[in-house]
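K.L.:
here you go, sequence then predicted model.
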Amino acid sequence: GEELPNWLEWLPDMPFDQIARHSMDFWLQAEDLPHPENRVYYKDGKVHLDLVETNPQALVHLQRKLKDVLSKIGWPAVLLQRSLYLGKDIPLSGTAHQAGTCRFGTDPASSVLNLDCRAHEIDNLYVTDASFFPSIGAVNPTLTIIANALRVADVIKDRL
């Protein structure tokens, strides 16, 4: 992750403690929509992630909604913009739940897997991790991945 500036170590803890005692944190997260140039690939001995930010308006909408809710209960809404606390994009090591790398669908020209998560071109290859999602939403996909894996297991069992 990002390192804090060296000069911060010289500041006393008191102002930060006061701010923390009178603050509440809300993490707003929106879906990363599919983009044809988004890629996860291996090159020169490293895994690379190329992505295009595709949904900034959703975050703007979420911020407006949060401000509205907080004002209705009489709380001030002081929201920090992402650029103030995350000056750089999240590195590959900070990402999770990559999806869409083996999209599923009915057309082999636009998808790697069929609707049963079986590879179009390899009869006995099934993929049941998050890569089959065309899009992932903004929440942890684990339960959906498990449910789909159980569904695909039934498909495989019926083929045996």
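P.N.:
Cool, the structure landed. Residues are numbered from 1 along each chain as shown.

K.L.:
could you pull out the helices for the protein?
P.N.:
For the chain, the helices defined by DSSP state H cover 14-21, 56-72, 82-85, 142-159.

K.L.:
in terms of mean pLDDT, which of those ranks lowest?
P.N.:
Lowest mean pLDDT within these: helix 82-85, at a mean of 58.

K.L.:
which stretches of this structure have low pLDDT?
P.N.:
By pLDDT under 70, the weakly predicted segments of the chain are 1-4, 7-8, 81-92, 94.

K.L.:
contact partners for residue 135?
P.N.:
Contacts of residue 135 were listed using Cβ atoms under 8 Å, 6 or more residues apart in numbering, and they are 31, 32, 33, 34, 99, 100. The C-beta positions use only the backbone N, C-alpha and C, and glycine is treated the same way.

K.L.:
again, 7 Å this time
P.N.:
Neighbouring residues of residue 135 by Cβ atoms under 7 Å, 6 or more residues apart in numbering: 31, 33, 34, 100.

K.L.:
which of the residues you listed are buried?
P.N.:
residue 100 (16 or more other Cβ atoms under 10 Å).

K.L.:
mind listing what residue 114 touches?
P.N.:
104, 106, 120.

K.L.:
the last one against residue 108, yeah?
P.N.:
Yes - proximity of residue 120 to residue 108 meets the contact threshold set by Cβ atoms under 7 Å, at 4.0 Å.

K.L.:
distance of residue 156 relative to residue 117?
P.N.:
10 Å (Cβ to Cβ, to the nearest Å).

K.L.:
neighbour count for those two, which is higher?
P.N.:
residue 117 (22 against 14; other Cβ atoms under 10 Å).

K.L.:
list the residues that contact that one.
P.N.:
Taking Cβ under 7 Å, 6+ apart, one finds 104, 126, 127, 128, 132, 148, 152 in contact with residue 117.

K.L.:
check the gap between it and residue 152 for me.
P.N.:
5 Å.

K.L.:
shared neighbours, the two?
P.N.:
126, 128.

K.L.:
pull out the buried positions in stretch 69-82.
P.N.:
Those would be residue 70, for stretch 69-82 by 16+ other Cβ under 10 Å.
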